[in-house]
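[1] below is the structure, and that's it, no one-letter string:
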């Protein structure tokens, strides 16, 4: 049983890595943005467990579908997660010099490039989903809506401001 699990996990992760490279690759058209793409890929390739895309694929299969149809949403979620890590490491946030044992994006590429790499990774997922050929238009709209809500003001970014506002308070307890 664990062998099957480990094999399936490795398959999902390999599929994720290939798609992240496919979605954020160099083309003749984006050659002027090479340094931005380098910074985006630096952070995307920093490793991690890829748990978010793995969960998307596993859920897709649990519903009886081929997990490969979820390549765009799974990659989108990983890109948004990576954007949040880039921004979280910035001097104005947590000011972390390292992420997963490597210099943070802002240490490797400079603060301005890191901000732009994070920004680009916050928008690219919606482009990827909207252009996906595996999903119906209705599915795309639902995914984009849910992903933007989970990432935005009332989701991840909203949680970050709560974190920032309560960081220096001594009157906040665990409850």
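    Yep, it's here. This is a predicted model, so every value here is computed, not measured.

[2] what ranges does this protein have for its strands?
    Taking DSSP state E to define them, one finds strands in the chain at 98-99, 102-103.

[3] count of neighbours near residue 31?
    Applying other C-beta atoms under 10 Å, we find 9 residues neighbouring residue 31. The way it works is simple: take the backbone N, C-alpha and C, and place the C-beta from them, glycine included.

[4] what distance do you get for it to residue 17?
    Applying C-beta to C-beta, to the nearest Å, the value for residue 31 to residue 17 is 23 Å.

[5] then residue 26?
    17 Å.

[6] who has more neighbours out of these two?
    The neighbour count for residue 26 versus residue 17, taken as other C-beta under 10 Å, is higher for residue 17 (16 against 12).

[7] tell me the pLDDT of residue 25.
    For residue 25, the model assigns a pLDDT of 91.

[8] show me what contacts it?
    residue 37 (C-beta atoms under 8 Å, 6 or more residues apart in numbering).

[9] let me see the backbone angles for it.
    phi -110, psi 170 (degrees, to the nearest 10).

[10] with the one 3 residues further on instead?
    Backbone geometry at residue 28, expressed as degrees, to the nearest 10, gives phi -60, psi -40.

[11] where in the chain is pLDDT low?
    1-3 (pLDDT under 70).

[12] can you get me a residue count around residue 175?
    Using other C-beta under 10 Å, residue 175 is surrounded by 3 other residues.

[13] with mean neighbour count added, can I get the strands of the chain in JSON lines?
    Output for the strands of the chain, formatted as JSON lines (neighbours: other C-beta atoms under 10 Å):
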{"stretch": "strand 98-99", "mean neighbour count": "16"}
{"stretch": "strand 102-103", "mean neighbour count": "14"}
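
[14] residue 21: which of these is closest?
    Closest approach to residue 21 among the strands of the chain (C-beta to C-beta): strand 102-103, 17.9 Å.

[15] what lines up beside the closest one in the sheet?
    strand 98-99 (antiparallel) (DSSP bridges).

[16] hang on, residue 102 packs against residue 45?
    No. Using C-beta atoms under 8 Å, residue 102 makes no contact with residue 45, being 9.6 Å away.

[17] show me what contacts the residue nearest to residue 53 when sequence neighbours are not counted?
    The spatially closest residue to residue 53, leaving aside those adjacent along the chain, is residue 74, at 3.6 Å (C-beta to C-beta, 6 or more residues apart in numbering). Taking C-beta under 8 Å, 6+ apart, we find residue 74 in contact with 16, 19, 52-53, 56-57.

[18] gap between residue 74 and residue 139?
    Applying C-beta to C-beta to residue 74 and residue 139 gives a distance of 14 Å.
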